[in-house]
Every structure is written in C-alpha cells, then in structure tokens.
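Novice: got a sequence here, can you model it:
(4 chains)
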Number of protein chains: 2
Amino acid sequence: MSIASRKNREKAEMRALILSAAHDIFKDKGYDGLNIRSIAERIEYSPATIYLYYKDKNEIFYALQYEAAAAKRDHLLPAASIEDPWERLIEFGRLYVDFGLKHPDWYDLLFLTRAPMEHLENQDCWTLGMATHAFFVETVEACVAARYFKSTDSATIAYTLWCHAHGMVSLFVRERMRMYPAEERGELAKKSFAMIVKMAESL
Amino acid sequence: MSIASRKNREKAEMRALILSAAHDIFKDKGYDGLNIRSIAERIEYSPATIYLYYKDKNEIFYALQYEAAAAKRDHLLPAASIEDPWERLIEFGRLYVDFGLKHPDWYDLLFLTRAPMEHLENQDCWTLGMATHAFFVETVEACVAARYFKSTDSATIAYTLWCHAHGMVSLFVRERMRMYPAEERGELAKKSFAMIVKMAESL
DNA sequence: TGAAATTAATAAACACTGTTCAGTAACTTT
DNA sequence: AAAGTTACTGAACAGTGTTTATTAATTTCA
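Specialist: Below is the predicted model of the structure:
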C-alpha cells in the first residue's frame, strides 16, 4: 500500500497548498480579493483542479475559519495560566478585544461574515470556538464560585461581558465608529473596557 | 418650463419606483436575492435602464440604508417622549434591541454589512443615524446631569451601553449564538439587558 | 407642421464570479 | 505492452455588475 499512502499524502499536501494560497490571498487582498481563480493562479493550477480537493468555495472558507479560530485561541492562551479567576477574566477580555482590533479580518471571518452556517456545527472550527467559549464561561463560573460577584447567574454574566466586547470589536471592524475621530477610538475602547470591568465588580 | 418640470417629476418617480422594487425584493429575498436584473424584471424595464437613474448598485444600497435608518428612528421615537432621562434611556435601549431582533435585515444593512462606506458621511443615511445617536448621547448626558450616575464621562457611558446592545443584536443577527438553544436566546437577551441596566445603576 | 435635435430605453456585449464536464495526458495495474 | 485508473485542464454554463452602440420616442424650432 505504498503508492496508496503516497497518494493520500499528496492529496493532503495539495489541500494544504490550496489552503495556504487562500490564506495568503485573504491576508493580502482580504475577503473580497479571495476567489477560486486567484487561488488557482497562485498555485499554478487550473481553477477546475481546486474542485478535486475541495467540494466548493465554502469548504475552503470553513478551513480558513478554522485557522482564524486557532489564531484566536493562541492569542487568548496567555490568559489561561493566570491563577486568580478575576484577573484571568480581565486578561481574557483584554486579549479578546486586542485580537479583534489587531486582526479585523480574522475576527470578521469568525463573527461577522454572512456565511452558510447551516452545517458549521459539525465543523472543527465550531468545536474549537465552543471550547474557547467554554473556557470563558468556566472562568466566569470560577469568579462566581470565588464570590467575586453578588450575582450567581454566570451564564448571563458571561453573555453580557461577551456582548460588550463583541460590540466594541464589531463596531470597529465594520467601521461604524465614524462619529468618533479615528485617533480617539483606541482610547475610547480602553475607557469602555475599564468601565465594564468596574461595572462588573459591583455586579 | 412645464415639460422640464414634468420630466423632473418623472425622473423622481422612476427613482422611487426602482427603490420601491429594491425594497420589496430586499424584504422578500434578503440582501443576496437583490440584484440589478431582479429589480429590472420587477419594474418591467431592462437592466440598463436602472443605470439611467442610479449611478451604480451602491447608490441603491445607500438609499435602502436610508430607509433602514428611518425605520429605526421611527421605532425608537416613542422613547423620546419619556420625561425622566433614566427611564428614557432604558426604553431607548429596549427599543433599540427590539428593533434589531424584529428587523434583522434592516439592522444588518445599517451596522453589519461590509459596504463601501467611504462616502457614506455625506449620505443622508449617515446624517439620520448621527441624529439618532446624538439623541442617545444627549439622554445619557441628561442622566449624568441629573446625577443618575457617579461617573460623569457620558461619552464612555453611552459608548459602553451601545456596545452591549449592538453586541447582543449582532451576535443574534449573524447567528453566532448557536451554543445557546434557540428558545433560550430571547430570555437570555432580556436577562442581559436587565443586568446591564443594573450595572449602569451602580456606575 | 415637419425636419432636426435631444432624450429614453434597450439589446448585446464585456468582465467578472462559482462551478461543471468532456476530453486528454499521465500513471498504475496486470 | 495493453488495459484500466487517476489527475488535470480547456472550454463552457449560469449568474453577477456595468457599458455602449443603436433604436425609438419625444421635444424643439424654423
């Protein structure tokens, strides 16, 4: 079965090659610049060849989403080693917003892209995102257990904090903050983050 | 100048006819189902005719955004007549979220669509949105003036509350709440809204 | 009023998309 | 070496937004 295994390997390599090209184009030209022909051109194959390795454009899109989810997890990872749940929660939030502002394209892909999400539950990307979210919820639960809040509704606390962070990032990513001068936006985000932390303290 | 004025009127009528068709298709088939040919077919003109009345698809898109902004303003209007600024602020927030959940397409168009925003500042839509936002900020300022908060940073307070509301709606609109069962989402939103209100009280 | 000028509308095309399919070239099997 | 299998591609299809040359209608004005 040597030939068969080589073929399997080559198939995986080709899939990786296509995905790598898609990744580069996405980083370079953004979502709009990413299309089948541009991928094909970059890897020097015909457009039709792409379809021998990915069912359609969505499959490539899902694979990219997985990369984004992994990048986000890696970005948040440093928070995981913080012992105190409250400090961990704050750092988690700070890194979450930081990720969104530093990598708007990745964030967009994960949370803002209108995409066929029907079968995304089965996707690795979703599993990874769920795990990261679970870690966040667990941190909130740890804070509740350690009596950092008066409220014990950890689910609602987690959701509320997430909404605020997501709101900040998505207003930024989709450029709906024109009413604030560009140079003030970063400062405003910092102030608002500090404010939600303070609000949470007295929760 | 009778003929000229008639022609002007006809031109305006045609623009309105095109926009009305675009509106209907958007409500019916959503953003993805809206294209030049579908508009042309509905009004029984050739696609090329559209371009005699609108420069390009974006102009139609901007006009639709204006409709969405007007619909949002109308939805929020009842809050304006509430005297007490704190009660007004709460009702404003409640109606904002309510609008987003009831009209996800309109909300999407206003805040989530990736669109050429370059010249949107000059657009009526932006002016309208700014006015609504200004009303919101003024309400927060009135709360500050009436000492409803300890904090006096009304800009950051307004931004923080907006982020939370926008976060809730956009996670819902773009279907990123799959980790919560569909039947619990409405309840969670209500709880989170109540929580942010409570948090704001001790701000 | 009737010829000339202007305007309105369109068919047909162009340049892009994603995607499919028949045909060919290479490789594998026997 | 012949037959069978696989990998790949050119060309096409269908669907986008948009432009242009041409035709038909309307308006102007001599």
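
Novice: return the residues of chain A in contact with DNA strand D.
Specialist: Contacts of chain A with DNA strand D, taken as CB under 7 Å from any atom of the strand, map to A:7, A:10-11, A:14, A:45-49, A:52. In short, each C-beta sits where N, CA and C put it, glycine included.

Novice: how about those residues, which pair is most distant?
Specialist: Spanning the widest gap among the residues of chain A next to DNA strand D are A:K7 and A:P47, at 22.3 Å by CB to CB.

Novice: related to what we said a few turns ago, can I get the residues of chain A next to DNA strand D in CSV including distance to chain B and pLDDT?
Specialist: Listed next are these as CSV, based on distance: CB to the nearest CB, whole Å; pLDDT from 0 to 100:
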residue, distance to chain B, pLDDT
A:K7, 37, 74
A:E10, 36, 83
A:K11, 31, 89
A:M14, 31, 97
A:Y45, 29, 97
A:S46, 28, 97
A:P47, 23, 97
A:A48, 25, 97
A:T49, 28, 97
A:L52, 28, 97
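
Novice: make JSON lines out of those and add neighbour count, distance to A:E175 and secondary structure.
Specialist: Output for these, formatted as JSON lines (neighbours: other CB atoms under 10 Å in any protein chain shown; distance: CB to CB, whole Å; DSSP: H, G, I helix; E, B strand; the rest coil):
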{"residue": "A:K7", "neighbour count": "11", "distance to A:E175": "47", "secondary structure": "helix"}
{"residue": "A:E10", "neighbour count": "10", "distance to A:E175": "43", "secondary structure": "helix"}
{"residue": "A:K11", "neighbour count": "12", "distance to A:E175": "40", "secondary structure": "helix"}
{"residue": "A:M14", "neighbour count": "17", "distance to A:E175": "37", "secondary structure": "helix"}
{"residue": "A:Y45", "neighbour count": "17", "distance to A:E175": "36", "secondary structure": "coil"}
{"residue": "A:S46", "neighbour count": "10", "distance to A:E175": "37", "secondary structure": "coil"}
{"residue": "A:P47", "neighbour count": "13", "distance to A:E175": "32", "secondary structure": "helix"}
{"residue": "A:A48", "neighbour count": "9", "distance to A:E175": "37", "secondary structure": "helix"}
{"residue": "A:T49", "neighbour count": "15", "distance to A:E175": "36", "secondary structure": "helix"}
{"residue": "A:L52", "neighbour count": "11", "distance to A:E175": "38", "secondary structure": "coil"}
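
Novice: confidence score at A:L203?
Specialist: If you check A:L203, the pLDDT there is 84.

Novice: and stretch A:141-149, is it in reach of chain B?
Specialist: No - counting by CB under 8 Å from any CB of the partner chain, chain B has no neighbours in stretch A:141-149; the shortest distance is 10.5 Å.

Novice: show me what that stretch is in contact with.
Specialist: Here stretch A:141-149 makes contact (CB atoms under 8 Å, 6 or more residues apart in numbering or on different chains) with A:85-86, A:88-89, A:151-152, A:154, A:157, A:200-201, A:203.

Novice: same question, stretch A:97-106
Specialist: A:26-27, A:30-31, A:67-68, A:71-72, A:75-76, A:107, A:165, A:168-170, A:172-173, A:186, A:189, A:193.

Novice: that stretch - what's its average pLDDT?
Specialist: Average pLDDT, stretch A:97-106: 95.

Novice: any idea which helix or strand carries A:T139?
Specialist: Take DSSP states H and E as the rule and A:T139 turns out to sit in helix A:124-145.

Novice: after that helix, next one along is what?
Specialist: Using DSSP H and E, the first helix or strand after helix A:124-145 is helix A:154-173.

Novice: helices or strands up against the helix or strand encompassing A:S20?
Specialist: Assigned by DSSP H and E, A:S20 belongs to helix A:2-29. The contact analysis (3 or more CB pairs under 8 Å, 6 or more residues apart in numbering or on different chains; DSSP states H and E) places helix A:2-29 against helix A:36-43, helix A:57-80.

Novice: now chain A against DNA strand D: closest residue?
Specialist: A:A48 (3.1 Å; CB to the nearest atom of the strand).

Novice: do you know how far that residue is from A:S2?
Specialist: In this view, A:A48 and A:S2 are 29 Å apart by CB to CB, to the nearest Å.

Novice: quickly find the element holding the residue nearest to A:A68 when sequence neighbours are not counted.
Specialist: Leaving aside its sequence neighbours, A:A68 sits nearest to A:W106 (CB to CB, 6 or more residues apart in numbering or on different chains; 4.1 Å). Under the criterion of DSSP H and E, A:W106 resides in helix A:104-107.

Novice: in that helix, what's buried?
Specialist: A:104, A:106-107 (16 or more other CB atoms under 10 Å in any protein chain shown).

Novice: output it as PDB, restricted to C-alpha atoms.
Specialist: Only the C-alpha atoms of helix A:104-107 are listed here, as PDB (Å, rounded to 0.1, in the frame of the first residue of the first chain):
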ATOM      1  CA  PRO A 104     -10.000  42.500  12.000                       C
ATOM      2  CA  ASP A 105     -10.100  40.100   9.000                       C
ATOM      3  CA  TRP A 106      -9.900  37.100  11.200                       C
ATOM      4  CA  TYR A 107     -12.500  38.500  13.600                       C
END
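
Novice: how far does it sit from its chain's centre?
Specialist: Here helix A:104-107 is found 7 Å from its chain centre; the criterion is CA atoms, centre = their mean, to the nearest Å.

Novice: and A:Y53, helix, strand or coil?
Specialist: coil (DSSP: H, G, I helix; E, B strand; the rest coil).

Novice: who's in contact with it?
Specialist: Per CB under 8 Å, 6+ apart, neighbours of A:Y53: A:11, A:14-15, A:18.

Novice: let's see 6 Å
Specialist: Counting by CB atoms under 6 Å, 6 or more residues apart in numbering or on different chains, A:Y53 makes contact with A:14-15, A:18.

Novice: of all these, which comes closest to DNA strand C?
Specialist: For these, the nearest to DNA strand C is A:I18 (12.3 Å; CB to the nearest atom of the strand).

Novice: how close does that closest one sit to A:A115?
Specialist: For A:I18, the distance to A:A115 - CB to CB - is 19 Å.

Novice: ditto for A:D124
Specialist: For A:D124 relative to A:A115 (CB to CB), the value is 15 Å.

Novice: centre of the chain versus the least confident helix or strand in chain A by mean pLDDT, how much separation?
Specialist: Every helix and strand of chain A was ranked by mean pLDDT, DSSP states H and E. The lowest is helix A:2-29, at a mean of 89. Counting by CA atoms, centre = their mean, helix A:2-29 is centred 22 Å from the centre of its parent chain.
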